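Q: What would the 3D arrangement of this be:
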Amino acid sequence: IGTGLFMGSSGAIQTAGPAVLIAYVIGGAAVFMVMRALGEMIVRHPVSGSFGQYASRYIHPYAGFLVGWTFAFEMFLVAVFDATAIGVYMRFWFPDVSQWVWVLAVVCFIAAINLLGVRVFGELEFWFALVKIVAIIALIVAGVAVILFGFGIAGHDQMGPQNLVEHGGFMPNGLWGLIASFTIVMFAFGGIEIIGVTAGEAQNPKRVLPKAINSVPIRILLFYVLTLGVIMCIQPWVDITGETSPFVSIFESIGFQAAAAVFNVILITAALSAMNADIFGAGRMLHGLAEQGQAPRSFTRTTRNGVPIMTVVTMIVGLLVGVVLNFLYPDQVLFLLGALATFATVLVWLVILVAHIRMRAEIAREGRLPSEFPVPLWPVASWLTVGFIVCIIVLVGVVPDSRPALWVGLVWVALVTVCYFAWVRGDGRRPYRLVDQTEPVGVVPASERDASAPEGRG
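A: Residues are numbered from 1 along each chain as shown. Here you go, the predicted structure:
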């Protein structure tokens, strides 16, 4: 939950109107299927950097190389997007200061945090995440209260669910507007697969990770659908222009200037939180690739404080490229980064789905134990999700504004392919060896048996 919701939702609302809520529901359902597919593989093979290893084992080592580096690329793009969004947020107070100045300041701040040590990184991320979650819940409660009771706010009689069907109707830009919004909506869910990267470090992954994955639909309905629904009930969708976050503009529209300023601080905090997660995810994935012989061994090194130094340095250098982009293309960079990150995100999801389908085929062929956390509605829902993801990739190329992102994405795939065949040797060309930790359904997992066993007399 980050800039894709807080800032990217403006573009999605302008593209689809109130019908964007349908796009978030459909996109959320597809994301849930991706997560269930990843969850089934995690429970069977809980390893750090999971989906890179799953792709290597069940598809081909090249697929693991592609998905691993594409995920790291995605994290870089989203980090630049978040830094750029902070530059946009700062216009609220400093409209005359160039956007790239703030992006550079953010890059320096993030670099300092990540070079101090893992403890500082983790502590800040905890508080950053807590602030944004509490803020969203507070906004929902306050928004519903304003709609119901008004509190003397001017124009209260024009607020309410009727705003979702007035101003051109629920689907003012037609079916095409709804379809086109998916290129922005899916970006908001990007990074959710980071839970797979943590699988090898989670305690009792067979219990904890399925619980987290099964909560995804509720979180999407609460933090995306309900939140944006409340916003569009208070402020007509035609007034959400994207010049500021819709979360800030609704407070401005009802005259709560001080609240708008406070929420702008929260948005900046959320973007910093997302950037922290980006660097964490990229670091774990690059570390896993290096262990497989598919990345330089230097990515396995850490400092005495536990800092993966080469990963941090690489990401910071990449973020400095984002500073240059903000200097050269301040008005276009946000949308193009979002579209390009959408391409990288759905490519990662597609590989996860294909690896899962091939795993299920192998399980059936070899008569292995059935999965402890199987995907629902197998195989129909899985194949429908594959078709949906392919359509999103095609859509990125069809929508004129996002078409350059498809070409850059295809160039990225070609570049990764050349690098694989030119430089990867030895273990990097062999399928990753995974240990099947599946137990018969109904049997208490060994980790939980050990945790609940009485202490021995010795």
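
Q: Now residue 283: closest residue in space that isn't a chain neighbour?
A: Leaving aside its sequence neighbours, residue 283 sits nearest to residue 311 (C-beta to C-beta, 6 or more residues apart in numbering; 4.0 Å). Placement of C-beta: from N, CA and C, glycine included.

Q: isn't that neighbour right next to residue 278, touching?
A: No - under the criterion of C-beta atoms under 8 Å, residue 311 makes no contact with residue 278, lying 11.0 Å away.

Q: so how far is residue 294 from the residue nearest to residue 283?
A: 15 Å (C-beta to C-beta, to the nearest Å).

Q: Could you work out the end-to-end span of stretch 241-258 for me?
A: End-to-end distance of stretch 241-258: 20 Å, with C-alpha to C-alpha, to the nearest Å as the criterion.

Q: coming back round to it: contacts for the host helix or strand of the residue nearest to residue 283?
A: Residue 311 is part of helix 309-328, with elements assigned from DSSP states H and E. Outside of helix 309-328, the residues that reach it under the criterion C-beta atoms under 8 Å, 6 or more residues apart in numbering are 75-76, 79-80, 83-84, 87, 98-100, 103-104, 107, 110-111, 114-115, 278-279, 282-283, 286-287, 296, 298-299, 301-303, 333, 337.

Q: Just the buried ones from those residues?
A: Neighbour-count burial within the contacts of helix 309-328 applies to 75-76, 79-80, 83-84, 87, 99-100, 103-104, 107, 110-111, 114-115, 278-279, 282-283, 286-287, 299, 302, 333, 337; the criterion is 16 or more other C-beta atoms under 10 Å.

Q: Let me know the secondary structure of residue 63.
A: Counting by DSSP: H, G, I helix; E, B strand; the rest coil, the backbone at residue 63 sits in helix.

Q: tell me the contacts of residue 261?
A: For residue 261, the set of contacting residues under the criterion of C-beta under 8 Å, 6+ apart consists of 92-93.

Q: Can you show me the strands along this structure?
A: For the chain, applying DSSP state E gives no strands.

Q: is it true that residue 275 touches residue 106?
A: Yes - the criterion here is C-beta under 8 Å, and residue 275 meets it with residue 106 at 7.5 Å.

Q: so what sits against both of those two?
A: residue 83.

Q: Need phi/psi at residue 374.
A: Backbone dihedrals for residue 374, given as degrees, to the nearest 10, come out at phi -70, psi 150.

Q: Give the burial count for it, as a bare number.
A: Counted with other C-beta atoms under 10 Å, the neighbours of residue 374 add up to 15.

Q: repeat for residue 29
A: 16.

Q: List the residues that contact the nearest residue to it once chain neighbours are set aside.
A: On the basis of C-beta to C-beta, 6+ apart, the spatially nearest residue to residue 29 that is not a chain neighbour turns out to be residue 217, at 7.7 Å. Residue 217 makes contact with 28-29, 32, according to C-beta under 8 Å, 6+ apart.

Q: and if you look at residue 40?
A: Taking C-beta under 8 Å, 6+ apart as the definition, contacts of residue 40 comprise 356, 359, 371, 373-375.

Q: Among those residues, which lie within helices?
A: In this view, those that belong to helices under DSSP state H are 356, 359.

Q: Just the buried subset of the contacts of residue 40, please.
A: Neighbour-count burial (16+ other C-beta under 10 Å) is assigned, among the contacts of residue 40, to 356, 359, 371, 373, 375.

Q: so who does the last one touch?
A: Looking back up the chat, that one is residue 375. Under the criterion of C-beta under 8 Å, 6+ apart, the contact list for residue 375 reads 33, 36-37, 40, 356, 381-382.

Q: Turn these into JSON lines, columns for distance to residue 209.
A: JSON lines is the format used below for the contacts of residue 375 (distance: C-beta to C-beta, whole Å):
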{"residue": "33", "distance to residue 209": "16"}
{"residue": "36", "distance to residue 209": "11"}
{"residue": "37", "distance to residue 209": "13"}
{"residue": "40", "distance to residue 209": "10"}
{"residue": "356", "distance to residue 209": "15"}
{"residue": "381", "distance to residue 209": "20"}
{"residue": "382", "distance to residue 209": "19"}
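
Q: Farthest-apart pair in those, please.
A: Among those, the pair separated by the greatest distance (C-beta to C-beta) is 40 and 381, at 12.4 Å.

Q: and the gap between residue 164 and residue 246?
A: According to C-beta to C-beta, residue 164 and residue 246 sit 14 Å apart.
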